[in-house]
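1. 3D, please:
(chains A, B and C)
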Amino acid sequence: MDSALIPKGVKRCSLPVFIAGLTPVVLVLLWGVYAMLLCWLKGLNQTNMNDSYGFALWIWADLAVIAIGGGAFFSGLLKYIFGKDELKNIINYAVLIGFICYSSALLILAIDVGQPLRSWFIFWHANVHSMLTEVAFCLSCYFAVLTIEYIPLILENRKLDEIPLIHNISHNMHGIMAVFAATGAFLSCFHQGSLGGVAGVLYGRPYVFREHILVWPWTFFLFTWSAAAFGPCFTILITKITEGITGKKLVKDNVISLLAKISGWMIFTYIIAKIIDTFYWATVTAPELGFVWSDFFTGDRSSVLFHGYWLLFAEIVLCGIIPGLILISKKHRENKTLLLTAVTLGTIGVCLNRWTMVMQPMAMPVMTFDSWNLYIPSWQEVATTILPVAYGIILIAISFRYLPIFPQEVELNPIKE
Amino acid sequence: MFWFSFEWVWDMGHIVFMGGLWYALGILGIGMSYVIIKSVKETFYEDSTGHGDNH
Amino acid sequence: MKKERIDKKFGMVIDLDACTGCGSCMVACMAENNVPFKKDETNKLDSITWMRVYKLTNKKPFPETEICYLPRPCMHCEGQHSGHSPCVSVCPATATDYDMDTGIVSQIYTRCFGCRYCMAACPYHARYFNWWDPVWPDGMEKSLSPNVSPRMRGIVEKCSFCFHRYQLALDKAYVKGRRELKEHEYQTSCTQACPSGAITFGDLNNPDHQVHRLVKPDNRHHGRPTAKNAFRLLERLGTNPKVYYLSSKEWVRRAGDNYLDNEETGKPLNLMKELQPEPH
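-> Next comes the predicted model:
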């Protein structure tokens, strides 16, 4: 039915099967859209946030999707600036995943603010000293870059490509993509960092406050580094999931192995920096502010359950050191199970890091007579957080079906006549 | 964001921050304008596209 | 040109020995500033209290149990340099501002877009979000103050040190041909409502004002109190608040900040380092 739109040389399921497969995802999407409309029309009283938990699930989701979407900028940097040409076989997918992550982040932000119609104030009345302003500017600009990187992919659709103007636009965009990718890498470094700065500058919150280098706190550098390290893990993970669902090999092993190796070394070096940061924070920063390190992890019973030492162990050891060690070893990263384990742990690790940086400072009391707070998100918050996942699945499915996302697919999956 | 909004101050913070923003936007704007103009020229004012399909 | 006028630094001193925890300050504040309330106020985590009275205990068993009530308005922090308050420095849309002339941290309701970053930044929980549209019982709208704009859903609000009273007092003084206010002409509603006189308000930079005499702020060290029994909440974070507390009880003063076990109350190690004379 839609065979004219499907790229040449690849096989896709029939349209009814495709639609049937997507139906449950669309239903989840609609559920999320309903929750989103409730939040917009009735206000943020639809959430379980409160005056202590002003930043909650949504801000975590924002930070997490931007971190795992970091694969786009880092792969682009490696391909266009450092000349790792093999990555051209996965860059399209990295861009698509990045596009989904960043558009999701912007959508979640639009739901999260109390007066969405005033969102433009952040640009118009910008306070240039606020990390959130830096985030907003770089995020919007980088989303524009990702859109520019995604457009040629859409224009390469078989039918669209037959139109000469569109063919030429697509071709010429590819021609100067390195300029866009470099701009994207510049913007991305700053907004990944400034997201870290959002937490690190909070000198009233000893759990996240960090010492500064120039105008940026340590977390600025740690966030950029971790996004570059763990972003590719997510790109590999989604590629593997896509291969599993489609039952096809889409990217050659050497490409995955190269990305995994770079990611592994980035994770390994990041974890060393993170351990040094944690040590300094525990032994210098916290005592200077009147806290012993255990104050951050041992509150009442429920807080220990949600914010105890186990989080730190899970983040640094289980989802940091272990995936790092697996990925830097050639033997281990070429073992499919270990590779999958490592990229899954890595993705969870960076999400956990963002979780602790958003949730823990909100939960922890700073005044001695205040108490720990616990927050359970409302269904509206959960639905609107799942909404981008459903949107992502749909966009990936449509893009995979109609666009030449994987350049090696035809070679790896020849159609037997 | 603009020098005519009342909270604008000509200090280093604004110059560096907004300079970076306008620089990035400038590159994107000029880049896309170049692509569109070149493509329109190639499509409507030249006989052939002059390139193959090997992107 | 030399600036002739010294900037004002309005601040508050609350005597915790005198506070009975009656809550008059909270009520007066809500009435004065058109603070909205919910039908059901049982969940304190989302109700708006610009002035909130905390109950502190010394955590000792009976009969040694002692309690203390601690009223907490916005601290109007100055930060370590040029109005670098925790909240003002982070607001992305310049919707909250540090007024260099008065030291008051303002909130511009029509500019706030409700990102709540300032709330995440404030360690005192002095900032409140309007989770609902403000709704008053029938007829009560008529008793709202015309001097304070009600706030809409989706934005942050907080104590303004009754800034509208400052403006009104200035207007009156200008009519009388004066440029300066007398101490009693600008007082916050909580100060006036406190039946035990526990709250004192005035210009911390003015040695004639009671607040200055009570705490003797050391402006060379970010306004740190030098008077006996005076302290500020979370002093060592460097927020540099303009609300001071007085208490004769050591455990209350110690509850005002976080201390390591080996540190003396009022003398945390990091602040003591700052007080060392500079080497010549």
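2. Could you pull out the buried residues of stretch A:27-35?
-> For stretch A:27-35, burial by neighbour count (16 or more other C-beta atoms under 10 Å in any protein chain shown) applies to A:Val28, A:Leu29, A:Trp31, A:Gly32, A:Ala35. To be clear about C-beta, it is placed using only N, CA and C from the backbone, and glycine gets the same treatment.
3. In helices only, show me these.
-> Secondary structure from DSSP state H places A:Val28, A:Leu29, A:Trp31, A:Gly32, A:Ala35 of the buried residues of stretch A:27-35 in helices.
4. Make CSV from the residues you listed and add pLDDT and distance to C:Tyr54 to it.
-> Formatted as CSV, those follow (pLDDT from 0 to 100; distance: C-beta to C-beta, whole Å):
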residue, pLDDT, distance to C:Tyr54
A:Val28, 98, 44
A:Leu29, 98, 45
A:Trp31, 98, 41
A:Gly32, 97, 39
A:Ala35, 98, 35
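5. near chain B, which of those residues show up?
-> Taking C-beta under 8 Å from any C-beta of the partner chain, there is no overlap between these and the neighbourhood of chain B.
6. Tabulate these (CSV), appending distance to chain C.
-> Shown next, in CSV, are these (distance: C-beta to the nearest C-beta, whole Å):
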residue, distance to chain C
A:Val28, 27
A:Leu29, 25
A:Trp31, 23
A:Gly32, 21
A:Ala35, 16
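7. What ranges in chain A fall below the confidence cut-off?
-> A:301-303, A:417 (pLDDT under 70).
8. Spell out which parts of it neighbour chain B.
-> Checking chain A against chain B by C-beta under 8 Å from any C-beta, the hits are A:123-126, A:128-129, A:133-134, A:137, A:141, A:144-145, A:148, A:152, A:156, A:164-165, A:167-176, A:179-180, A:183, A:186-187, A:190.
9. what subset of those residues is also close to chain C?
-> Checking the residues of chain A next to chain B against chain C (C-beta under 8 Å from any C-beta), the matches are A:Trp124, A:His125, A:Ala126, A:His129, A:Thr133.
10. what's the closest of those to C:Ala255?
-> A:His129 (32.7 Å; C-beta to C-beta).
11. is it true that the closest one lies in a strand?
-> No: read with DSSP: H, G, I helix; E, B strand; the rest coil, A:His129 is coil and lies in no strand.
12. C:Pro73: what's it in contact with?
-> C:Met12, C:Cys29, C:Trp50, C:Met51, C:Ala126, C:Cys159, C:Phe161, C:Thr188, C:Cys190, C:Val243 (C-beta atoms under 8 Å, 6 or more residues apart in numbering or on different chains).
13. for A:Lys261, that is, sorry about that
-> A:Leu327, A:Ile328, A:Lys330, A:Arg333.
14. Kindly reformat the residues you listed as JSON lines containing distance to A:Val389 and secondary structure.
-> As requested, the contacts of A:Lys261 are exported to JSON lines (distance: C-beta to C-beta, whole Å; DSSP: H, G, I helix; E, B strand; the rest coil):
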{"residue": "A:Leu327", "distance to A:Val389": "25", "secondary structure": "helix"}
{"residue": "A:Ile328", "distance to A:Val389": "30", "secondary structure": "helix"}
{"residue": "A:Lys330", "distance to A:Val389": "33", "secondary structure": "helix"}
{"residue": "A:Arg333", "distance to A:Val389": "27", "secondary structure": "helix"}
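15. Closest to chain C out of those?
-> A:Leu327 (33.9 Å; C-beta to the nearest C-beta).
16. So which residues of chain C form strands?
-> Assigned strands in chain C, in chain order: C:10-15, C:52-57, C:67-72, C:96-98, C:105-107, C:128-129, C:156-157, C:199-203, C:217-218, C:224-225, C:230-231, C:243-246 (criterion: DSSP state E).
17. Now do the first one, average pLDDT.
-> Per-residue pLDDT values across strand C:10-15 average out to 98.
18. partner strands of that strand, parallel or antiparallel?
-> strand C:199-203 (antiparallel), strand C:243-246 (parallel) (DSSP bridges).
19. Also the second one?
-> Each strand that pairs with strand C:52-57, with its direction, by DSSP bridges: strand C:67-72 (antiparallel).
20. Any idea how far the strand it pairs with is from the middle of the chain?
-> 14 Å (C-alpha atoms, centre = their mean, to the nearest Å).
21. What residues of it count as buried?
-> C:Cys68, C:Tyr69, C:Leu70, C:Pro71, C:Arg72.
22. Between those, which sits nearest C:Ala169?
-> For the buried residues of strand C:67-72, the nearest to C:Ala169 is C:Pro71 (22.6 Å; C-beta to C-beta).
23. is it true that the closest one touches C:Arg52?
-> Yes: when contacts are counted by C-beta atoms under 8 Å, C:Pro71 is listed as touching C:Arg52 (7.3 Å).
24. what sits in contact with each of these two?
-> C:Met26.
25. what's around the closest residue to C:Arg236 other than its chain neighbours, how many residues?
-> Excluding the flanking residues, the one nearest C:Arg236 by C-beta to C-beta, 6 or more residues apart in numbering or on different chains is C:Pro268, at 4.7 Å. Residues within reach of C:Pro268, counting by other C-beta atoms under 10 Å in any protein chain shown, total 20.
26. again, but for the one 3 residues further on
-> Neighbouring residues of C:Leu271 were enumerated by other C-beta under 10 Å; the total is 19.
27. Equivalent analysis for A:Ile241, please.
-> Neighbours around A:Ile241, by other C-beta under 10 Å: 14.
28. next one: A:Ala397
-> Around A:Ala397 there are 17 residues (other C-beta under 10 Å).
29. Please identify which helix or strand holds it.
-> helix A:379-402 (DSSP states H and E).
30. Sort out which residues of that helix are buried, please.
-> A:380-397, A:399-402.
31. okay but A:Ala94 is in contact with A:Thr235, surely?
-> Yes: the pair A:Ala94 / A:Thr235 is scored as a contact, 4.8 Å apart, by C-beta under 8 Å.
32. Please identify which of those two sits among more neighbours.
-> A:Thr235 (32 against 29).
33. Secondary structure element holding that one?
-> helix A:218-246.
34. Give me the pLDDT value at whatever residue of chain B ends up closest to chain C.
-> Distances between chain B and chain C by C-beta to the nearest C-beta are smallest at B:Glu7, namely 5.5 Å. If you check B:Glu7, the pLDDT there is 74.
35. ok, back up a step: what is the subsequent helix or strand relative to the helix holding A:Thr235?
-> helix A:253-280.
36. Contact partners for C:His212?
-> C:Gly202, C:Asp203, C:Leu204, C:Asn205, C:Asn206.
37. Out of these, which comes closest to chain A?
-> Distances from chain A to the contacts of C:His212, taken by C-beta to the nearest C-beta, are shortest for C:Leu204, at 20.8 Å.
38. thinking again about what came up before, farthest-separated two in the contacts of C:His212?
-> C:Gly202 and C:Asn205 (9.6 Å).
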